[in-house]
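**Q** fold the following for me, if possible:
(one chain, ligands or ions: 2)
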Amino acid sequence: MGQAEPLGDRLRVLPSAPGPAGDGAFSIGPLDRSRVRAVLAVISGKGGVGKTFVTALLAAEFRREGFEVGVLDADVTGPSMARVFGVGDVPKLTADGLSIEPLRTRGGIFVMSMASVTAASKVPLLWRGPMVNSAIRGLYKDTRWPSLDYLLVDLPPGTSDAPMTVFQSLSPDGVVLVTAPTGLSAEVVAKAALMAKTFRAPILGLIENMAYLVCPHGEQIDVFGPSRGSEYAQAMGVPYLGSLPLGTGVPALADAGRLEEFQSPVGDLLARRVRLLLDRLSSAGRPSAPPAGAPRPPAPGG
Ligand SMILES: Nc1ncnc2c1ncn2[C@@H]1O[C@H](COP(=O)(O)OP(=O)(O)OP(=O)(O)O)[C@@H](O)[C@H]1O
Ligand SMILES: [Mg+2]
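**A** Ligands and ions are numbered 1, 2, ... in the order given. Predicted coordinates:
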């Protein structure tokens, strides 16, 4: 049997990969965030509502605006970020052998995902919570991120280990909630909102994904009935950021590893709204950096 052979080999790429007993299982203190100006977590609690899509869409738009952007795939047992961004290589160790170089998309987004260190493996990771915790922390701290304006964290469904680890380790400056346009989804997302509030993570607002479909001749079809995103957000006590339509090209681009290329006016608008809200929160403690290539303001007193 192929057993754990491909998995074991790849996992050794991660310097602090958890040992069989889940080393470091309960060390969920804060991690060093000095190289990242703002951390944004994308969460829903519910599966399949478009967290990964929204994370990719926001990251791509932030990058198009000229910012240094990283994406951390915190879905360690069902990672998809490397796949949808088409970064299939195994990451290299840094020259000192102490860290991993993040992978880079064609557009210049830095990515780290468990899929990258288990790339050739079809073996599922049968990990209990402490190992998930340890792996997420390892993916973040063992990666030699460059100075980033924004680190976006794509979370798996659920309200347990992964989001708890991210909230405690990375203290996100903002959280975006994603729901599908159904009451069932919104009920689960409401729990994720409560979770974020419990961890005092600032909620930027709710995005309703797959809210409607626009036909080629412009007609809008409310596939799941009239949009209730605003109503859902109000019930959760969070701002409503907006609704995204079903994009017919999205799954094909994701499957082809080219999701970064997806762009829509409504997506751009939403991303800009998210970024401005995030900046308002994150600039309180850290100075705001201008886009790469943009003239930097003179240093105070100079
Ligand atoms: N607005 C959209 N238009 C068209 N397809 C979409 C849209 N949003 C997501 N999808 C597709 O729906 C599927 C699920 O989306 P995605 O993987 O982003 O959900 P998720 O919430 O991250 O799922 P999981 O809980 O498994 O992590 C994917 O195939 C994705 O390409
Ligand atoms: Mg996902």
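**Q** and the gap between whichever residue of the stretch 51-200 of the chain sits closest to ligand 2 and ligand 1?
**A** Per Cβ to the ion, Thr52 is where the stretch 51-200 of the chain lies closest to ligand 2, at 3.4 Å. The C-beta positions use only the backbone N, C-alpha and C, and glycine is treated the same way. Counting by Cβ to the nearest ligand atom, to the nearest Å, the gap from Thr52 to ligand 1 is 3 Å.
**Q** which residues sit in contact with that residue?
**A** Counting by Cβ atoms under 8 Å, 6 or more residues apart in numbering, Thr52 touches Asp75, Ser80, Met81, Val84, Asp154, Ala254.
**Q** just those now: which is nearest ligand 1?
**A** For the contacts of Thr52, the closest approach to ligand 1 (Cβ to the nearest ligand atom) belongs to Ala254, at 4.1 Å.
**Q** from the contacts of Thr52, which land in strands?
**A** Judged by DSSP state E, those include Asp154 as members of strands.
**Q** sort out for me which of the contacts of Thr52 are in helices.
**A** Met81, Val84, Ala254 (DSSP state H).
**Q** touching, Arg104 and Phe110? I think so.
**A** Yes - applying Cβ atoms under 8 Å as the test, Arg104 and Phe110 come out as touching, 5.8 Å apart.
**Q** what's the burial count for the closest residue to ligand 2 within the stretch 201-302 of the chain?
**A** Scanning the stretch 201-302 of the chain for the residue nearest ligand 2 gives Ala254, at 10.3 Å (criterion: Cβ to the ion). Residues near Ala254, counting by other Cβ atoms under 10 Å, number 19.
**Q** picking that back up, just how off-centre is the helix or strand containing the residue of the stretch 51-200 of the chain closest to ligand 2 within its chain?
**A** Using DSSP states H and E, Thr52 maps to helix 51-64. Put simply, helix 51-64 sits 8 Å off its chain's centre (Cα atoms, centre = their mean, to the nearest Å).
**Q** now the helix or strand that comes right after that helix: mean pLDDT?
**A** Downstream of helix 51-64, the first helix or strand assigned by DSSP H and E is strand 69-73. Averaging pLDDT along strand 69-73 gives 98.
**Q** CA atoms only: put strand 69-73 into CSV for me.
**A** The C-alpha coordinates for strand 69-73 follow below in CSV (Å, rounded to 0.1, in the frame of the first residue of the first chain):
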residue,chain,number,x,y,z
VAL,A,69,-1.1,40.4,-0.4
GLY,A,70,-0.8,37.0,1.2
VAL,A,71,-3.3,34.2,1.5
LEU,A,72,-3.1,31.6,4.3
ASP,A,73,-5.3,28.5,3.6
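**Q** strand partners (parallel or antiparallel) of it?
**A** Strand 69-73 has the following sheet partners, assigned by DSSP bridges: strand 110-113 (parallel), strand 148-154 (parallel).
**Q** ok, which of those comes nearest ligand 1?
**A** Short answer: strand 148-154, nearest of the strands paired with strand 69-73 by Cβ to the nearest ligand atom, at 6.8 Å.
**Q** and the next helix or strand past that closest one?
**A** As assigned by DSSP H and E, the chain's next helix or strand after strand 148-154 is helix 161-170.
**Q** please enumerate residues in contact with that next one?
**A** If you take Cβ under 8 Å, 6+ apart as the criterion, helix 161-170 is touched by 28-31, 33, 39, 41, 43, 74-76, 129-130, 132-133, 136-137, 140, 151, 153, 155-156, 172, 192, 195-196, 199, 201.
**Q** tilt between that helix and strand 148-154?
**A** Compare the direction of helix 161-170 with that of strand 148-154 by axes from the mean of the first three to the mean of the last three Cα atoms, to 10 degrees and you get 160 degrees.
**Q** alpha carbons only: can I get the helix holding Thr52 in PDB?
**A** Output of helix 51-64 as PDB, limited to C-alpha atoms (Å, rounded to 0.1, in the frame of the first residue of the first chain):
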ATOM      1  CA  LYS A  51     -15.600  31.400   1.500                       C
ATOM      2  CA  THR A  52     -12.700  30.300  -0.800                       C
ATOM      3  CA  PHE A  53     -14.200  32.200  -3.700                       C
ATOM      4  CA  VAL A  54     -14.700  35.300  -1.700                       C
ATOM      5  CA  THR A  55     -11.200  35.100  -0.200                       C
ATOM      6  CA  ALA A  56      -9.700  34.700  -3.700                       C
ATOM      7  CA  LEU A  57     -11.800  37.500  -5.100                       C
ATOM      8  CA  LEU A  58     -10.800  39.900  -2.300                       C
ATOM      9  CA  ALA A  59      -7.100  38.900  -2.600                       C
ATOM     10  CA  ALA A  60      -7.100  39.400  -6.300                       C
ATOM     11  CA  GLU A  61      -8.700  42.800  -6.200                       C
ATOM     12  CA  PHE A  62      -6.400  44.000  -3.300                       C
ATOM     13  CA  ARG A  63      -3.500  42.800  -5.400                       C
ATOM     14  CA  ARG A  64      -4.700  44.600  -8.600                       C
END
